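> Need a 3D model of the following:
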Amino acid sequence: MDKDKVICKLCGKEYVTITNTHLKPIHGVSRNEYMEMFPDAPLWSEAFVEKRRSNAQRLWEQGAYDGEEYRAAVSDGLKHYYQTDDGIENRQVKSETMRDHVGSWWDDPDNVEWFKERRSEYMREVMSDPERREAVGKMFSELWQDEEYRQRCMKFKQSDSNREFMSDFMKEWWAENKECEMEKRSLDMRNGHETDIETILYSILDHMNISYQKQVPIDGYVVDALVNNWLVLEAYGDYWHNYPNGKERDKVRNNRLNDLGYWVVPFWGHELKESPQQCANKITYIVECT
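Model (predicted):
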């Protein structure tokens with residue numbers, strides 16, 4: 001067969017490539033339907049494939065694939081393609097094929113175990129490298145601006161499978177890195193890296209002229225504020241500390257601090273932001289009446 005041509009199995013004519021431009025008007029079928037009818041039939045001639053491969057290699061060597069300009073051009077090209085009839089059909093077929101493939105892949109327990117191991121390995125690499133962790137955090141911060149992306153993430157995070165995986169992973173990782181992370185967090189906080197609600201709590205204590213210590217390590221934990229060496233004041237974020245795992249961790253943590261002789265008083269983020277005076281009154285009552 002001529003390397004410059006490919007033969008249409010429906011009409012026997014030769015073409016450089018077989019596309020919907022030929023198949024739909026002449027034969028009334030799409031390219032994907034043609035591929036289903038003749039799964040072993042090529043759609044491109046050998047010469048066409050070789051030309052595209054050599055062009056791609058040449059562009060790669062010239063560095064044409066580097067930089068924002070190229071990525072923007074590719075992005076615009078794909079957006080335009082997926083708005084065409086061919087693109088819409090191709091995307092639907094790929095989506096259905098991927099769903100079928102992924103669904104059957106997840107049915108194999110060995111595949112599930114392999115994925116968990118790879119995911120754990122990747123997360124350990126990211127969390128152990130400060131620069132990489134910062135880069136990943138920045139990337140997800142940008143993605144988080146997309147409402148659709150946020151909804152997909154929240155749905156996945158709240159799934160039972162993800163909660164089980166994250167719980168097991170964090171328990172294992174925390175056991176290995178607890179002491180180092182606590183010291184690092186304490187140092188970061190003492191250097192001024194604090195959350196907005198912690199800043200509000202500290203400003204309340206400053207306004208009350210109460211002497212306190214910031215970010216004090218106690219038995220492997222770091223407390224937000226320690227007053228008179230017995231009163232622990234905490235600023236709880238409304239999201240994470242309301243999470244089921246967060247509540248359980250706080251309970252274990254506070255019980256341990258109580259056993260050591262500390263009185264733990266938490267303040268929710270919305271309390272500190274909306275009712276700082278009530279928080280101040282509560283602190284005053286505890287300090288004066290104890």
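> residue boundaries of the strands in the stretch 151-290 of the chain?
Counting by DSSP state E, counting those that start in this stretch, the stretch 151-290 of the chain has strands at residues 212-218, 221-227, 231-236, 263-268.
> With respect to burial, which of the ones you listed scores highest?
Highest mean neighbour count of those: strand 231-236, a mean of 22 (counted as mean count of other Cβ atoms under 10 Å). In this view, the C-beta of every residue, glycine as well, is placed from N, C-alpha and C.
> what lines up beside that strand in the sheet?
strand 221-227 (antiparallel), strand 263-268 (parallel) (DSSP bridges).
> got the contact list for it?
Strand 231-236 has contacts (Cβ atoms under 8 Å, 6 or more residues apart in numbering) with 195, 197-198, 200-201, 205, 212, 218, 223-227, 250, 257, 262-269, 272, 283, 286-287, 290.
> residues in contact with residue 126?
For residue 126, the contacting residues are 132, 133, 136, by Cβ under 8 Å, 6+ apart.
> That one and residue 141: what is the separation?
15 Å (Cβ to Cβ, to the nearest Å).
> What subset of the contacts of residue 126 is buried?
Among the contacts of residue 126, not one counts as buried by 16 or more other Cβ atoms under 10 Å.
> Those into TSV, with extra columns for distance to residue 277 and pLDDT?
Shown next, in TSV, are these (distance: Cβ to Cβ, whole Å; pLDDT from 0 to 100):
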residue	distance to residue 277	pLDDT
132	43	74
133	38	73
136	40	73
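> between these, which is nearest residue 13?
Distance to residue 13, by Cβ to Cβ, is smallest for residue 136 among the contacts of residue 126, at 52.4 Å.
> returning to that earlier point: format the strands of the stretch 151-290 of the chain as CSV; extra columns: distance to residue 111.
As requested, the strands of the stretch 151-290 of the chain are exported to CSV (distance: least, Cβ to Cβ, whole Å):
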stretch, distance to residue 111
strand 212-218, 42
strand 221-227, 38
strand 231-236, 39
strand 263-268, 42
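> can I get these in a markdown table with mean pLDDT?
Formatted as a markdown table, the strands of the stretch 151-290 of the chain follow (pLDDT from 0 to 100):
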| stretch | mean pLDDT |
| --- | --- |
| strand 212-218 | 90 |
| strand 221-227 | 92 |
| strand 231-236 | 95 |
| strand 263-268 | 95 |
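> Compare those and give me the one nearest residue 175.
Across those, closest to residue 175 is strand 221-227 (Cβ to Cβ), at 14.6 Å.
> And the contacts of the closest one?
182, 185-186, 189, 198, 201-202, 205, 210-216, 218, 232-235, 253, 256-257, 262, 264, 283, 287.
> how far off strand 212-218 does it point, in degrees?
150 degrees (axes from the mean of the first three to the mean of the last three Cα atoms, to 10 degrees).
> Using CSV, please lay out the strands paired with strand 231-236 together with distance to residue 42.
Output for the strands paired with strand 231-236, formatted as CSV (distance: least, Cβ to Cβ, whole Å):
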stretch, distance to residue 42
strand 221-227, 64
strand 263-268, 65
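> Residue 26: which of these is closest?
Closest among the strands paired with strand 231-236, using Cβ to Cβ: strand 263-268, at 69.2 Å.
> which residues sit against that closest one?
197, 201, 223, 230-236, 238, 241, 250, 254, 257-258, 279, 282-283, 286, 290.
> Quick check: the gap between residue 19 and residue 154.
From residue 19 to residue 154 the distance is 41 Å (Cβ to Cβ).
> Convert whichever strand or helix holds residue 134 to CSV, retaining C-alpha atoms only.
Assigned by DSSP states H and E, residue 134 falls within helix 130-143. Written as CSV, here are the backbone C-alpha positions of helix 130-143 (Å, rounded to 0.1, in the frame of the first residue of the first chain):
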residue,chain,number,x,y,z
PRO,A,130,9.2,23.0,51.9
GLU,A,131,9.6,24.4,48.4
ARG,A,132,7.5,21.8,46.8
ARG,A,133,4.9,22.0,49.5
GLU,A,134,4.7,25.8,48.9
ALA,A,135,4.4,25.4,45.2
VAL,A,136,1.6,22.8,45.5
GLY,A,137,-0.1,25.0,48.0
LYS,A,138,0.1,28.0,45.6
MET,A,139,-1.2,25.9,42.7
PHE,A,140,-4.3,24.7,44.7
SER,A,141,-4.9,28.2,46.0
GLU,A,142,-5.3,29.4,42.4
LEU,A,143,-7.5,26.4,41.5
